[in-house]
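Colleague: For reference, the sequence and a predicted model appear below.
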Amino acid sequence: MRRMRLIISLLIVLIIFTITIVPTTSATTIEVTVRTEEELLSAIDSRTPDIIIDGLIPLNDEIIVEHFVTIRGQGALTVAYNHRHFIIQENGHLVINGDITLTRATDHSGNGGGVHVAQDGIFTLYSGHIYSNYMRIGGGVRVDSGHVYINGGTINHNHAVFGGGVSVDSGHIYINGGTISHNHAERGGGIEVRRGTLYINDGNIKYNYATHGGGISVDFGQLYLYDGSISHNNADLGGGIYIGMRRGTDISATMTMRGGEITENTAVFSGGGIHSYMSFVNLEQGTVQNNQATGHGGAYLSNMTIYHVGSEMLIDQNISANRHDASSQQLSLFEQLQTPSIIHIIALFALAGIALLITNMKKSKSNQ
């Protein structure tokens, strides 16, 4: 009998614990709606993982993200002059998933108007807009080191000297969807890659403008194009893509194309679709079509570019205004060097070595 009472008592205690303690634990705040800067800062400081924006919130300073946080809802964030919206530090992961707009960040010496990813942070954009920001580097997004995933949303009408929409330094960016459009820069209207890596699996990069690389510019980094569309971009050189440094003697960048399309881009001078300089270019599959330039409408591989063009690569219907040779309008090679141009480089080094050896031998004899 006592044993039965003990069991009943334990059951009662367990029921009370379930009714009182467990609900109290699960009632810990996991989402909050914010309407002011103070409420937003409080939610982030308290590590609330799910923040719902309601309306327009002006910010007086950038917000530091050092943990995981999702921002969604409907509204916009503006920020005071000489600041950007978010800086993502190490261990920070910012997700934007809603009808949220990051806009009006202006700092002509700053980086990343909407989001600045620093120290191995992570930024994921599912929906929303990074719109009309003005920076020196990365008008919309700047990646110093870390990872960026563009799965949806838009990055548009941003301005910078380098990377109108996005600038990547030593990090990685994955374009899986969304649209990067109507951005302006001197280099990389849509995206500029300095030493990082850009993977394009889907999405649209269109209607961007730059002096070099209307859609994309790659300096020392790597570009992998698997799918997606790069179209209607404009530049002086490389309407769709400019790969390689403007000056220098070292091979600096690599591009691999295994799908997707580069279409209807325009260059004032050369490389309506692609313009490369001192780079590795591997064109295996995909389409470069209906691009135009004054010279070399399709793909212009200049100045000892090491290249490969696969049999499943379509380079067709491109237009060069001042060239009547149809073949030169599609794939143009600097001084018509034959593939692979690495042979020419090796030969030049070999000849230079022989010449140096002969010169040293003559000097040695004259000294005897």
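Modeller: It's in.
Colleague: For Ala293, which three-state class applies?
Modeller: Per DSSP: H, G, I helix; E, B strand; the rest coil, the secondary structure class of Ala293 is strand.
Colleague: check contacts around it.
Modeller: Applying Cβ atoms under 8 Å, 6 or more residues apart in numbering, one finds that Ala293 lies in contact with 239, 266-272, 300, 319-321. From N, CA and C alone the C-beta is placed, and that goes for glycine too.
Colleague: let's go with 10 Å and repeat that
Modeller: 235-239, 265-273, 275, 300, 318-323, 329, 332 (Cβ atoms under 10 Å, 6 or more residues apart in numbering).
Colleague: Quick check: which element contains the nearest residue to Tyr149 once chain neighbours are set aside?
Modeller: Counting by Cβ to Cβ, 6 or more residues apart in numbering, Tyr149 lies nearest to Thr124, which is 4.5 Å off, once chain neighbours are set aside. Secondary structure assignment for Thr124, by DSSP states H and E: strand 121-125.
Colleague: So what are the sheet partners of that strand and their directions?
Modeller: Strand 121-125 pairs in its sheet with strand 93-96 (parallel), strand 146-150 (parallel), by DSSP bridges.
Colleague: if we can go back for a sec, buried only: go through the contacts of Ala293 for me.
Modeller: The neighbour-count criterion (16 or more other Cβ atoms under 10 Å) marks 235-239, 265-267, 269-273, 275, 300, 318-320, 323, 329, 332 among the contacts of Ala293 as buried.
Colleague: Restricted to strands, list these.
Modeller: Cross-referencing the buried ones among the contacts of Ala293 with the strands (criterion: DSSP state E) gives 235-237, 266-267, 269-270, 275, 300, 319-320, 332 as the overlap.
Colleague: can those go into JSON lines with extra columns for pLDDT?
Modeller: Putting these into JSON lines (pLDDT from 0 to 100) gives the following:
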{"residue": "Ala235", "pLDDT": "98"}
{"residue": "Asp236", "pLDDT": "97"}
{"residue": "Leu237", "pLDDT": "95"}
{"residue": "Thr266", "pLDDT": "97"}
{"residue": "Ala267", "pLDDT": "97"}
{"residue": "Phe269", "pLDDT": "93"}
{"residue": "Ser270", "pLDDT": "91"}
{"residue": "His275", "pLDDT": "95"}
{"residue": "Tyr300", "pLDDT": "92"}
{"residue": "Ile319", "pLDDT": "91"}
{"residue": "Ser320", "pLDDT": "88"}
{"residue": "Ser332", "pLDDT": "71"}
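Colleague: out of those residues, which one sits closest to Leu41?
Modeller: Ala235 (40.6 Å; Cβ to Cβ).
Colleague: so what's that closest one closest to, chain neighbours aside?
Modeller: Nearest in space to Ala235, with sequence neighbours left out and distances taken as Cβ to Cβ, 6+ apart, is Gly214 at 3.6 Å.
Colleague: Same question for Ala160.
Modeller: On the basis of Cβ to Cβ, 6+ apart, the spatially nearest residue to Ala160 that is not a chain neighbour turns out to be Gly139, at 3.8 Å.
Colleague: Quick check: which element contains the one you found?
Modeller: Since the elements are taken from DSSP H and E, Gly139 ends up inside neither a helix nor a strand.
Colleague: burial count for it?
Modeller: Gly139 has 35 neighbouring residues, counting by other Cβ atoms under 10 Å.
Colleague: With Gly297 instead?
Modeller: Neighbour count for Gly297, taken as other Cβ under 10 Å: 30.
Colleague: give me every residue that touches it.
Modeller: The neighbourhood of Gly297, defined by Cβ under 10 Å, 6+ apart, consists of 239, 265-267, 270-273, 288, 290-291, 315, 317-321, 323, 328-330, 332.
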